[in-house]
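Student: Got a predicted structure plus its sequence, pasted below:
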Amino acid sequence: MELWVDIQKELPGFTLDVNFETGMDILGLLGASGSGKSMTLRCIAGIDTPDKGRIILNGRTLFDSKKGINLPCRKRKLGFLFQNYALFPNMTVEENIGFGIGKLKHGNRRAIIKEMVKMIKLEGLEKRYPSQLSGGQQQRVALARALAIEPEALLLDEPFSALDDYLRSHMVKQLTETLSNYSGVTLFVTHNMDEVYRICNQLVVLSLGKIEVRGRKEEVFRKPPSLVAAQLTGCKNFSRAKYISPFEVEAEDWGINLKTRQEISKQINNVGIRAYAIELALDEAQDNVFSCWLNFTSETPSRMTAYLSMQHEVLGRGNYHIEWEITKQMWHELKDKPQPWKIRFNADELIIV
């Protein structure tokens, strides 16, 4: 199974220009809203038409601007799960699932629908209409409809965007289990980094229609090649940087010098570190240990974010340099300790761009 995409399309404000290929690994398209993620899926599906380029799935040409080939949606053998699920409101669960199956003998059709209903764990709800289902149930019906046609590729366009946090977590787990038994190409569009990391093996990071980086998710998050790619993968802490030596850089905005593990270029522009990668210093003799002062905090049920000023006391709320994400347990142990605190920037975790 292989999908090859090389397309361009003029859009308001930018040009979509993407070139990638993918096989059995689940490919995530990650980017901010309006970056071209969903339009890429729509062009692959045949809903929208690129201005030029080619799309090839398992050796079949779906689109080729030079040869004048543009297969209609129904002939592309694709399953598409829309953001809003696009279920037919006047059809029951089983009718929605069976809509795209085609002209099969009645027994075969019933068997496929029954298998899909069992897969999505909605036995007993076959006669219900979409309005009688929860958001999670609607999402499962839409996924079953997309898979019922045995597509060569499955296109998932932000399928969890309409779900609450609890249901989203549950559906991510169920989707991961379902996709483990699917043998086709899968593209998963999202702007949620946790979702893409849990579901996908490979990543394409898009910004204003252009690919910033592509590769295995671990490598993309560990070593993003540009400031934009790092920010789109969730890095919040960046400073302008100045070269000092092959293994030392000045973080100008933070007022500190950082030792690096990797050799750096004299053309370095920025240095960064992810909020969760900062450490509480246990040994001040280590490299990259610095004083910091707490400005303010924000919290979630399980974690705290401390907004820190480096090398000088806080002058006013909002004048912070660093975001530091820690567990609630660490926060309770730390919050009453006298300041300045000592934190460490692990050289292995520095992002150099």
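Tutor: Arrived safely, thanks for sending.
Student: Buried residues of the longest strand along the chain, list them for me.
Tutor: Ranked by residue count, the top strand of the chain under DSSP state E comes out as strand 289-299. Residues of strand 289-299 classed as buried by neighbour count (16 or more other CB atoms under 10 Å): 289-295. Bear in mind the C-beta positions are built from the backbone N, C-alpha and C, glycine included.
Student: Let me know the closest of those to residue 312.
Tutor: residue 293 (7.3 Å; CB to CB).
Student: what helices or strands is the very next helix or strand once past the longest strand of the chain leaning on?
Tutor: Per DSSP states H and E, the first helix or strand lying C-terminal to strand 289-299 is strand 303-310. Judged by 3 or more CB pairs under 8 Å, 6 or more residues apart in numbering; DSSP states H and E, the packing partners of strand 303-310 are strand 289-299, strand 322-327, helix 328-334.
Student: and if we set it to 10 Å?
Tutor: strand 289-299, strand 322-327, helix 328-334, strand 341-344 (3 or more CB pairs under 10 Å, 6 or more residues apart in numbering; DSSP states H and E).
Student: so it versus strand 322-327, what angle?
Tutor: If you take axes from the mean of the first three to the mean of the last three CA atoms, to 10 degrees, strand 303-310 sits at 150 degrees to strand 322-327.
Student: how about strand 303-310: buried residues?
Tutor: Under 16+ other CB under 10 Å, the buried positions of strand 303-310 are 304-310.
Student: Spatially central, which residue of this protein would that be?
Tutor: Closest residue to the average C-alpha location of the chain: residue 196 at 3.6 Å, with CA atoms, centre = their mean.
Student: other SSEs contacting the helix or strand harbouring it?
Tutor: Counting by DSSP H and E, the element that carries residue 196 is helix 193-199. If you count contacts as 3+ CB pairs under 10 Å, 6+ apart, helix 193-199 packs onto strand 27-31, helix 165-179, strand 185-190, strand 202-207, helix 217-222.
Student: which outside residues touch that helix?
Tutor: Residues from elsewhere that reach helix 193-199 (CB atoms under 10 Å, 6 or more residues apart in numbering): 26-30, 156, 158-161, 168-169, 171-173, 175-176, 179, 186, 188-190, 192, 203, 205, 217-218, 220-221, 232-234.
Student: Try it again at 7 Å.
Tutor: Contact partners of helix 193-199, identified using CB atoms under 7 Å, 6 or more residues apart in numbering, comprise 26, 28, 30, 160, 172, 175-176, 188, 190, 203, 217, 233-234.
Student: With stretch 338-349 instead?
Tutor: Here stretch 338-349 makes contact (CB under 7 Å, 6+ apart) with 258-261, 273-274, 277-281, 284, 286-294, 324, 334.
Student: Just the buried residues of these.
Tutor: 258, 260, 273-274, 277-279, 281, 288-294, 324.
Student: For residue 148, find the nearest of the helices and strands packed on strand 303-310.
Tutor: Judged by CB to CB, the one of the helices and strands packed on strand 303-310 that comes nearest to residue 148 is strand 322-327, at 41.8 Å.
Student: Give the rounded mean pLDDT of that closest one.
Tutor: Computed over strand 322-327, the mean pLDDT rounds to 97.
Student: so what strands line up beside it?
Tutor: Sheet partners assigned to strand 322-327 using DSSP bridges are listed as strand 303-310 (antiparallel).
Student: Please compute how far the longest strand of the chain lies from its chain's middle.
Tutor: Its chain's average C-alpha position is 28 Å from that of strand 289-299, according to CA atoms, centre = their mean, to the nearest Å.
Student: Which one of the helices and strands packed on helix 193-199 lies nearest to residue 74?
Tutor: Nearest to residue 74, of all those, is strand 185-190, at 18.1 Å by CB to CB.
Student: For residue 214, see how far away residue 6 is.
Tutor: Distance of residue 6 to residue 214, computed by CB to CB, to the nearest Å: 13 Å.
Student: Give me the more crowded residue out of these two.
Tutor: Neighbour totals were compared for residue 6 and residue 214, and residue 214 leads with 20 against 16 (other CB atoms under 10 Å).
Student: Pretty sure the more buried one sits in a strand.
Tutor: Yes. Residue state for residue 214 (DSSP: H, G, I helix; E, B strand; the rest coil) corresponds to a strand.
Student: neighbours of the closest residue in space to it that isn't next to it in sequence, just the number please.
Tutor: Once flanking residues are discounted, residue 214 sits nearest to residue 204: 4.5 Å by CB to CB, 6 or more residues apart in numbering. For residue 204, the count of nearby residues is 25 (other CB under 10 Å).
Student: picking up where we left off before, residues contacting the longest strand of the chain, please?
Tutor: Contacts to strand 289-299, defined as CB under 7 Å, 6+ apart, come from residues 256, 281, 304-311, 313-314, 317, 319-320, 322, 339-344.
Student: between it and strand 322-327, how big is the angle?
Tutor: Going by the same axes, to 10 degrees, strand 289-299 makes 70 degrees with strand 322-327.
Student: from here on, count from 703
Tutor: Happy to do that; since the first residue is 703 now, the last one works out to strand 991-1001.
Student: Excluding chain neighbours, give the residue nearest to residue 989 in space.
Tutor: residue 961 (4.4 Å).
Student: hmm, I was thinking of residue 724
Tutor: residue 705 (5.4 Å).
Student: can you tell me how far the one you found sits from residue 801?
Tutor: Residue 705 is 24 Å from residue 801, by CB to CB.
Student: quick one, which of the two is more surrounded?
Tutor: residue 705 (23 against 14).
Student: Local confidence estimate at the more buried one?
Tutor: For residue 705, pLDDT reads 98.
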